[in-house]
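Q: Sequence and predicted structure below; questions after.
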Amino acid sequence: MKEKDTKQTPAASSENGGVRTQTVEHTTATEAPTSPPEVPQVERRNPNAPPVPPARERRKYKVSETPPPPPPPPKLNDYEPIIGKAAIDELHFLARHLRGKTVKMVNSTAVGGGVAEILNRLIPLMNELEVPTKWEVITGGNDFFEITKGFHNALHGGEYNVTKEILDLFQMYNEQNRQRMEFAEDLFVIHDPQPVGLIRSKRDRGRWVWRCHIDLSNPHAEVWNFLRPFVEQYDAAIFSSPAFTRQLAIPQYLFYPCIDPLSEKNKTMEETFVQKVCEDFGIDRTRPVLTQISRFDRLKDPVGVIQAYKLAKKYVDCQLVLAGGGATDDPEGAVVLAEVMEAAGDDPDVIILNLPPWSALEINALQQASNIVIQKSLKEGFGLTVTEALWKGKPTIAGAVGGIPTQVIHKLTGILVHSVEGCAYQIRYLLTHPEFAQQLGKNGHEHVKENFLMTTNVRRWLVLFQILLGVVKPARPS
């Protein structure tokens, strides 16, 4: 099928009247046809279902004002039913050569975003394997994180006005963090551009790795030229896709990000809990549910998702759930959330949820309840929300950008789209071809199991650390 690639324009403004905008209150395989099918009649909601109350009458979902105590992290043996005993034994074997070596990982936020989620699970597993690993988070004022957000967008190809004042401020905060931290470990992993300046502490101590989680395929030249001299002082760089790599004077490695199948966001859930979450949020499970879960970020294109939903709904009945929140290093979230609310207007079937970072169980339930999961990103590093949806066996429609095509193999493990119109058509097609949708979900689950689980990520780190320390040497092509 050829999708219509058009430049996407902002949705028309409208009042926020009755849109179900639920900002959380805090209290304590076969191929799809190449031409569109006949336009079906709009499917109406089940006449036996209880009436859906007006948006304003729905009770708001309440969560604790503070995060609940985190559950204890799983042990390696807990993964055996998923990956098998041989894979667990391999991890112990690889770690044996690294015992006594210490690791420090540094990023810019402890909550919100895929990097923090990965580190929350990776660190305990490394320590269980007797490779002592610490995690530190850099600090900074709002001015610093506004700059790093600007860098983030610019490295994805956006415009940015680089000034000497901005560059000086970035280096000042990096230097403050460098002076505050200690660097006594054997291996250092610095995640993304925010803390890249910590490399000034390298001197003769340890081996340093820069782990880039974002798409550098078309970076803003001025921003990249500023960051590149820092990056080339590292001993290696890691990217999430071959397309993201740059010409560098240091070795580069490919690491896929990953999810933890045993985390609260990905574990198997009781149907009763899924149903309760849907009832709390006012989701009618007798009708198709479309869901996009991501922070409120223009690069995730939540407004474009609303536009696609409105086009699809002319032909098939459905509801749209946009669930997300913010990260502590992303100051734009509130502005984008307001844009999303305006685009949704007074449509009672658009449910907007501004969730706190500790809503993993609710997010899991929303994905489990979805008929289709959407991730219509305009730019993307890898897109772990796609990984989560595929793991749950959900038919997934996603933007053909960044690392998403590594996960979504078009018409095999999911559907790739390039436009609002293409997304709308694929929503229609999957809702009217449930057998094809179900097969996509099965294929997607197996793809994640083979390539994108936390245990595979641990294995890659163990091998790379051995290479960097000279324990083993990488194979040379013959």
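A: Right, received. Where do you want to start? Residues are numbered from 1 along each chain as shown.

Q: Quick check: buried residues in the helix or strand where N443 lies?
A: Under the criterion of DSSP states H and E, N443 resides in helix 434-451. Neighbour-count burial for helix 434-451 flags F436, A437, Q439, L440, G441, N443, G444, H445, H447, V448 (criterion: 16 or more other CB atoms under 10 Å). (Each C-beta comes from the backbone N, C-alpha and C, glycine too.)

Q: Name the nearest residue to R285, sequence neighbours excluded.
A: Of all residues not flanking R285 in the chain, C278 sits nearest, at 5.4 Å (CB to CB, 6 or more residues apart in numbering).

Q: Pretty sure the one you found sits against R287.
A: No - using CB atoms under 8 Å, C278 makes no contact with R287, being 11.1 Å away.

Q: sorry, back to before: can you pull the contacts of the residue nearest to R285?
A: Counting by CB atoms under 8 Å, 6 or more residues apart in numbering, C278 touches D284, R285, A365, L366, A369.

Q: Next, count neighbours for A334.
A: 11 (other CB atoms under 10 Å).

Q: So for the nearest residue to Q171 once chain neighbours are set aside, what pLDDT did the model give?
A: Counting by CB to CB, 6+ apart, Q171 lies nearest to G197, which is 5.9 Å off, once chain neighbours are set aside. We have a pLDDT of 96 for G197.

Q: On the three-state scheme, G197 is what?
A: Classification of G197 by DSSP: H, G, I helix; E, B strand; the rest coil places it in helix.

Q: Quickly note the distance from it to G333.
A: According to CB to CB, to the nearest Å, G197 stands 25 Å off from G333.

Q: can you map out the strands along the stretch 351-478 of the chain?
A: Taking DSSP state E, counting those that start in this stretch as the test, the strands found in the stretch 351-478 of the chain are 372-375, 396-399, 415-417.

Q: Same list (these) but as CSV, adding distance to V115.
A: Formatted as CSV, the strands of the stretch 351-478 of the chain follow (distance: least, CB to CB, whole Å):
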stretch, distance to V115
strand 372-375, 17
strand 396-399, 20
strand 415-417, 24
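
Q: lowest-confidence helix or strand of this structure?
A: Using mean pLDDT, DSSP states H and E, the weakest-scoring helix or strand in the chain turns out to be strand 25-27, at a mean of 39.

Q: Near V305, how many other residues are there?
A: Residues lying near V305 (other CB under 10 Å) number 28.

Q: Show me what the one helix or strand it maps to is packed against.
A: Using DSSP H and E, V305 sits within helix 302-312. Secondary-structure packing of helix 302-312 (3 or more CB pairs under 8 Å, 6 or more residues apart in numbering; DSSP states H and E): strand 289-293, strand 319-324, helix 333-344, helix 420-432.

Q: where does the protein dip in pLDDT?
A: Within the chain, the segments meeting pLDDT under 70 span 1-65, 204, 326-331, 473-478.

Q: And it, what are its domain boundaries?
A: 20-45+57-64+264-451, 99-258+454-468 (automatic domain parsing).

Q: in this protein, which residue is closest to the centre?
A: For the chain, the residue sitting closest to the mean C-alpha position, by CA atoms, centre = their mean, is L384 at 3.5 Å.
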